[in-house]
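Trainee: make a model of this:
(2 chains)
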Amino acid sequence: MLRRAGEGGHQTSPALPQGKETVLKTKDDSESRSPVSIGGVTPDSRLRDLVERLSGQKVADCYQCGECTAGCPVAFAMDLMPNQVTRLVQLGLAEEVLACRTIWLCAGCQTCVARCPQLVEPSAIMDALRQIAAERGIKAPEGEIEAFHKAFLNSVERSGRVHEMGMIAELKLKTRKFVKDVPVGLGLFTKGKLSPLPKPVKDRAAVKKIFKELRKHEETADE
Amino acid sequence: MSSAPDNAGPMKYAYYPGCSLHSTAKEYDASTRAVSEALGVELLEIPDWNCCGASSAHGEGHLLSTGLPGRNILLAEQMGLDIAVPCAACYNRLAVANAEMRSDPGLAEKVSGVVGLQFQGTSDVRPLVDIIVNDDGLEAIGARVRRQLEGLKVACYYGCLLVRPPRVLGFDDADEPMTMDNLVTALGGEPVTWPHKTECCGASFSLTRVDVVQKMTGDVLRMARDCGANCVVCACPLCMTNLDMRQGGIESLTGEKIGLPIFYFTELLALAMGLDMVKSCWKMHFVSPEPLLRETAAV
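Mentor: Reported below is the predicted structural model:
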């Protein structure tokens, strides 16, 4: 149960997964105080605006029906359910939501996008949260997934296209998991599906320029 | 713009193969080119195309994830053609970027400025499966069939990105797409009714959270088998990689045999149309389709 300090009657229940209750437990003080405090945590009032701006989604429109969670094929591996992620953004509980696994485990399959009755796109909210987490230097609890995205984009920035072998090499150097997947890697190689050398685009400067000009995080710069 | 001309000339498209079709999905590229040529669909590769950013760029912001596919769209507009995309993930990125640039002039201006070409919004982005099946129609394809694919009980797997988000894509139903099912019927095979047509395979977690992929892909494969399929057909290199390459690992994890060969829809077309090149595709598969094809005399 969450309570806005000073507004004793207003309650919402975000139904957090097990183990999270203690973090959000209501600090039941009756004295009127500002800013809002939830269980001793001061919500980040800018979080919702920031997410709305980055994702283009009206986070406030979510009325917690849970359709996104019901259809999410990766929910089994997540720590927060997709509807809870949106709820925490609504509440401004930045610390909780930016450190969760869920934002990294979203596969971007768009099932939630197709089903949301409020036309909110939860996967776009996840994208925005990953950006903000990275900006704020929050360690990703799914380090390998973060390393994959970096290696992938480095490969594209370098040569304009993904060079699988180079990308996998970079990923392995970062994660130090050298023996993982050796058999399937060899299989790909012997089937001629991995090239040792990249085949870059000719106009590499054009792609580098896209990265230079459009990767800027100006949109998150209200902090 | 519509690439299908009023007269009977060849249909021309700007072809965006994407990175996978030059590496892990070479057989998709080869069968795409062979089938298109045989059907009179001319594919002109977009000169110097770049990666669409796939599932990574949108975690780095909206601008980058529009700019990367945006350059390819602008290059295709120079060719004056609609864009044909075989990879479901690339198709999704290009189609979404195109729709967003069409509806947001500010975004289109930004991308145009960086790429150095003015966005016109004149090229449509279409998935190859839509072009192949719907441009000339299934009757025309049926007339080209040399070998009926009798005995193939096919689970048609569309995955996520070919049909979602429906508000932007929408060439087929988002929950119960039928394009590939109708194609399989036209080729003499039997599409099975099954509920996992548009479930997610785990996509890019294939290299990072193998356990997550094994659960997701395993569910899809087991459902296909349980619904009576003896093979699966797909239209996405990521789906193929997970369903085909990861199948052995899934089998050893649970100790059960699944044994479902996975096809690209272009491979089934090439097979049915009697295009010899398709034989060179089978060695690229982890689960060999050859025993099933011998068994069903479809080879």
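
Trainee: check contacts around the residue minimising distance to the centre of chain A.
Mentor: Centroid-nearest residue in chain A: A:I103, 3.0 Å away (criterion: Cα atoms, centre = their mean). By Cβ atoms under 8 Å, 6 or more residues apart in numbering or on different chains, the contact set of A:I103 is A:85, A:97, A:126, A:129-130, A:133. Where you see a C-beta, it was placed from the backbone N, CA and C, and this is true even at glycine.

Trainee: mind checking the SS state of it?
Mentor: Here A:I103 is recorded as helix under DSSP: H, G, I helix; E, B strand; the rest coil.

Trainee: ok, it to A:Q84 distance?
Mentor: Noted for A:I103: a distance of 11 Å to A:Q84, by Cβ to Cβ, to the nearest Å.

Trainee: also B:C52?
Mentor: Using Cβ to Cβ, B:C52 is found at 31 Å from A:Q84.

Trainee: who has more neighbours out of those two?
Mentor: Higher neighbour count among B:C52 and A:Q84: B:C52, with 30 against 24, using other Cβ atoms under 10 Å in any protein chain shown.

Trainee: does that one really touch B:G70, like I thought?
Mentor: No - applying Cβ atoms under 8 Å as the test, B:C52 and B:G70 come out as separate, 9.5 Å apart.

Trainee: which residues of chain B fall in strands?
Mentor: Taking DSSP state E, the strands of chain B run over residues B:11-15, B:41-45, B:83-85, B:125-127, B:153-157, B:190-191, B:231-234, B:262-264.

Trainee: what does the stretch 1-150 of chain B have sitting close to chain A?
Mentor: Neighbours of chain A within the stretch 1-150 of chain B, by Cβ under 8 Å from any Cβ of the partner chain: B:19, B:22-26, B:48-51, B:53-64, B:66-68, B:70-71, B:110-111, B:114-116.

Trainee: what stretches of chain A score poorly on pLDDT?
Mentor: A:1-36, A:38, A:216-223 (pLDDT under 70).

Trainee: returning to what we had before: top of the contacts of A:I103 by neighbour count?
Mentor: A:L129 (29 neighbours).

Trainee: and that one, what is it in contact with?
Mentor: Under the criterion of Cβ under 8 Å, 6+ apart, the neighbours of A:L129 are A:51, A:85, A:89, A:97-98, A:103.

Trainee: make it 6 Å
Mentor: A:I103 (Cβ atoms under 6 Å, 6 or more residues apart in numbering or on different chains).

Trainee: next one: B:F265
Mentor: Residues near B:F265 by Cβ under 6 Å, 6+ apart: B:129, B:180, B:233, B:235.

Trainee: would you mind listing the outside residues contacting stretch B:92-106?
Mentor: B:52, B:66, B:69-70, B:73, B:85, B:107-108, B:119, B:121, B:125, B:161, B:168-169.

Trainee: list the buried residues of stretch B:288-299.
Mentor: B:289, B:292-293, B:296, B:298 (16 or more other Cβ atoms under 10 Å in any protein chain shown).

Trainee: the residue lying closest to B:V114 once chain neighbours are set aside sits in which helix or strand?
Mentor: Excluding the flanking residues, the one nearest B:V114 by Cβ to Cβ, 6 or more residues apart in numbering or on different chains is A:E213, at 4.6 Å. Per DSSP states H and E: A:E213 is located in helix A:204-214.
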